[in-house]
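1. from the sequence below, what's the structure:
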Amino acid sequence: MNADFDLPYPHYRCPECGKDLPVGEARMTVTCAGHTQKNPVEFSVRTATAADRSAIERICDQALGETVTDVFGSTFDVLDGINLLAESGGQLIGLMSTAVFGGEITVVLTSVYPEHQGTGVGAALIDAANDLAAKRNLASLRVAVTNDDIPLLYFYQRHGFAIYEVAVGEAADRFGSASPGFSAIPVRDEIRLRRNVCNR
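-> Next up is the predicted model:
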């Protein structure tokens, strides 16, 4: 991952004013369930093909600044992964990049464009990853999130993942220091979560 967490690309969108926000400017807001719903979006999920390379590179550029990321003590290139795409109107709106690693489906990257967050795209990508694991007779999905990334920790736990390990200092060691991340929280640790595969 690019060590500059505050890339000049938006990662979130303010629900109050609609402003697109880079990681460091984002803040948490607690609302009731009635105020968190967005207008539904029609979309479909499919496995990427070679023709999707440019679209995948674009969403990775916005999310990471590159296609390579380090999780679970290993380096993964999204372009080499099993990539699940969410599309609406022929346009890529979300990506979940996975790899078979350590006998599990490892989620390497999840990214949904800010204007489509909160519309069910991420949940549909998790369902697709679950189905991928089931077809390969793999028992679980796992994902790693840095300690600052409260939105992703919320998202994964809300969708059945449970924390099983914290690699204390892993992220700070990887980048050479505890750089500011989401809401300027220092990025220090890698939090690892797992979810058993469900037969749907």
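
2. average pLDDT for stretch 109-118, rounded please.
-> On average, the pLDDT along stretch 109-118 is 92.

3. then it to CSV, C-alphas only?
-> C-alpha atoms of stretch 109-118 as CSV (Å, rounded to 0.1, in the frame of the first residue of the first chain):
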residue,chain,number,x,y,z
LEU,A,109,-9.0,-5.5,-1.1
THR,A,110,-12.6,-4.3,-0.9
SER,A,111,-13.3,-0.9,-2.5
VAL,A,112,-16.6,0.7,-3.4
TYR,A,113,-16.7,4.1,-5.0
PRO,A,114,-18.0,6.7,-2.4
GLU,A,115,-21.2,7.5,-4.2
HIS,A,116,-22.2,3.8,-4.0
GLN,A,117,-21.3,3.0,-0.4
GLY,A,118,-24.1,2.0,1.8
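
4. can you list the buried residues in that stretch?
-> If you call a residue buried by 16 or more other Cβ atoms under 10 Å, then stretch 109-118 has these buried ones: 109-114, 116-118. Glycine gets a C-beta too; all of them are placed from N, C-alpha and C.

5. again with stretch 67-76
-> 67-72, 76.

6. show me where this protein has its strands.
-> Applying DSSP state E to the chain gives strands spanning 12-13, 20-21, 44-47, 68-71, 74-77, 82-88, 91-101, 104-112, 140-146, 162-167, 190-196.

7. for the longest one, packing partners?
-> The one in question is strand 91-101. Counting contacts by 3 or more Cβ pairs under 8 Å, 6 or more residues apart in numbering; DSSP states H and E, strand 91-101 is packed against helix 53-63, strand 74-77, strand 82-88, strand 104-112, helix 121-135.
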